[in-house]
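Asker: Let me see the structure of the following:
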Amino acid sequence: MIALKSDPALSRDLGNDCGCGTIDVVSMLSVRLPGDLACFLETAARNERDRRHLRGLVGELVSRVGPVDEPQAGRFASLLAEAAAARASDEDPVVVLDADALKVFSEPGADDRAEQLVRDLLCTAERTGTPVLVPVMVLTEAYREPSAEDAIDRALGETIRVIPLDCEMAMRAGELMGGCEPESSDVIAASVAAAAVHFGGGIILTGNPHGIEPLLGGRADVKVHELS
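Answerer: Presented below is the predicted three-dimensional model:
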C-alpha cells in the first residue's frame, strides 16, 4: 500500500508561486517506492529550486541594469542549440562561468556590459533548464578579495554547481593544456575549458577568451563568449 502525505519542506521549495502547487511526496508503508520514480521526484524538485534561484539572480540584475535583452538571450539560446547539435553524445549542454563573470555579483556596478551579459545568459539558462557550472579553481581566483566571499557564496547557492578538481578533471585539464599550441600554463583557464568539455559542451562566459580558446582547439560543441 502506498500513501501520499504533504511534506512541508518541499512545500516551501515548490510552493504555489512556482506555478506547480504543493507537491505531495510518496512515502513508503509496505511497498518500496520504485527507484526511477524516486529519482524523478528528486530531480524535478531540484530542477525547480535551481530555476527559481536563477530567476532570483536574473531579477537582481534586472533591477540594476534593466530588463533582459531578448535578442541577446535569443543569441545565447542559439549558441546552446549549436553546441548541442555538434555534440557526439546525448549529453545536454552547460553554461560555465569564470571569475570575471562572478565579479558581477561581488562588484555590482563595476561593469554594466558584463552585468547585462550575465543577466541574459542566466535568463537563457533558466528558460532552457541548462545547468550553470563554476570550476572550483575559478573560486581560488574569485576569493582573492575577502570582501567578495559573501556575495559570491550567495550567488552560487545550491544552484550554480561548483565542480571539484578531482583526478578526472585534472587529467582533462592537463590534456587540454598539453595539446594546445603553444602549450598553456594557465591552470584556471584549463579548468574552465575542461568543465565545458567534460559536461557536454555549451557556453563559456569569460573575460579571458584568448586564454581559453586555444585550449579548445576549435571544438564546435563549446562556444566561448567574451564578457564585454
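Asker: In the chain, where's the longest helix?
Answerer: Taking DSSP state H as the criterion, the chain has its longest helix at helix 35-65.
Asker: pLDDT on it, on average?
Answerer: If you average the pLDDT over helix 35-65, you get 84.
Asker: for that helix, the distance to its chain's centre please.
Answerer: 11 Å (C-alpha atoms, centre = their mean, to the nearest Å).
Asker: Just list what it packs against, helices and strands only.
Answerer: helix 8-13, strand 24-28, helix 112-128 (3 or more C-beta pairs under 8 Å, 6 or more residues apart in numbering; DSSP states H and E). (C-beta placed from N, C-alpha, C; glycine too.)
Asker: Give the buried residues for that helix.
Answerer: 41, 45, 48-54, 57-58, 60-61, 65 (16 or more other C-beta atoms under 10 Å).
Asker: so residue 218, which of the three states?
Answerer: Secondary structure, DSSP: H, G, I helix; E, B strand; the rest coil: residue 218 is coil.
Asker: could you measure it against residue 164, distance?
Answerer: Using C-beta to C-beta, to the nearest Å, residue 218 is found at 28 Å from residue 164.
Asker: which of those two has more neighbours?
Answerer: residue 164 (11 against 7; other C-beta atoms under 10 Å).
Asker: what about the residue nearest to the more buried one when sequence neighbours are not counted, neighbour count?
Answerer: In this structure, residue 164 finds its nearest non-sequential neighbour in residue 136, 5.3 Å apart by C-beta to C-beta, 6 or more residues apart in numbering. The number of residues packed near residue 136 is 14, by other C-beta under 10 Å.
Asker: For residue 136, report the pLDDT, please.
Answerer: Confidence score, pLDDT, at residue 136: 95.
Asker: surely it meets residue 161?
Answerer: No - with contact taken as C-beta atoms under 8 Å, residue 136 and residue 161 are classed as non-touching, separated by 10.3 Å.
Asker: so what's the closest residue to residue 106 other than its chain neighbours up against?
Answerer: For residue 106, ignoring the flanking residues on the chain, the nearest one in space by C-beta to C-beta, 6+ apart is residue 148 at 3.5 Å. Each residue near residue 148 by C-beta atoms under 8 Å, 6 or more residues apart in numbering is listed here: 102, 103, 106, 107, 142.
Asker: which intervals of the chain have sub-threshold pLDDT?
Answerer: 1-35 (pLDDT under 70).
Asker: Mind listing the residues bridging to the residue most central in space within it?
Answerer: Closest to where the C-alpha atoms of the chain average out (C-alpha atoms, centre = their mean) is residue 132, at 0.4 Å. Taking DSSP bridges as the rule, residue 132 bridges to residue 95.
Asker: The contacts of residue 148 in helices, which ones?
Answerer: 102, 103, 106, 142.
Asker: ok, the second one - contacts?
Answerer: Right, residue 103. 110, 111, 114, 142, 148.
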